[in-house]
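Engineer: here is my input, please return the structure:
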Amino acid sequence: MTGRVVHFEIPYDDRERAERFYADAFGWQIAYLPSLHYSIVQTGPTDDDGRPSGVGYVGGGMLKRESPTDRPVITIEVDDIDAALANIESLGGMPVLGRQAVGEQGWVAYFKDVEGNLLGLWQQA
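Structural biologist: From the prediction side, this is the model:
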């Protein structure tokens, strides 16, 4: 298990307003994907495939504010989402949304930690 923070998500009520704010405030490059109702956020340099290429750079996304993603979420990479969710539950955490495919790239899931914080899990395909 890598345990690295690999992604973040910021919810919005007004997509254009939020995208403009983060682009102007931090120079982030933001691309809306209408088919996914999701904005890809690049906070630093990327390779030809759009993946982060700088050391320590974490990219993210923006999405409409709705449960369970009604607050900012950090996402942690794991080797096996199902095993990670089972372990999280055994430690007192709570799965919120099980394994969901993200195209052919991998899978995402959400959980609450023992303090009630919502976090994401990512498993690369």
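Engineer: show me where this structure has strands.
Structural biologist: For the chain, the strands defined by DSSP state E cover 5-12, 29-33, 38-42, 60-64, 73-77, 94-102, 106-112, 118-124.
Engineer: contact partners of the longest helix along the chain?
Structural biologist: Longest helix in the chain by number of residues (criterion: DSSP state H): helix 15-26. For helix 15-26, contacts defined as C-beta atoms under 8 Å, 6 or more residues apart in numbering pick out 10, 12, 28-30, 32, 39, 41, 43, 62, 64. Bear in mind the C-beta positions are built from the backbone N, C-alpha and C, glycine included.
Engineer: what's the angle between it and strand 5-12?
Structural biologist: Using axes from the mean of the first three to the mean of the last three C-alpha atoms, to 10 degrees, the direction of helix 15-26 lies 130 degrees away from that of strand 5-12.
Engineer: any idea of the mean pLDDT for helix 15-26?
Structural biologist: Averaging pLDDT along helix 15-26 gives 95.
Engineer: how about that helix: buried residues?
Structural biologist: Using 16 or more other C-beta atoms under 10 Å as the burial criterion, the residues of helix 15-26 that qualify are 15, 18-19, 22.
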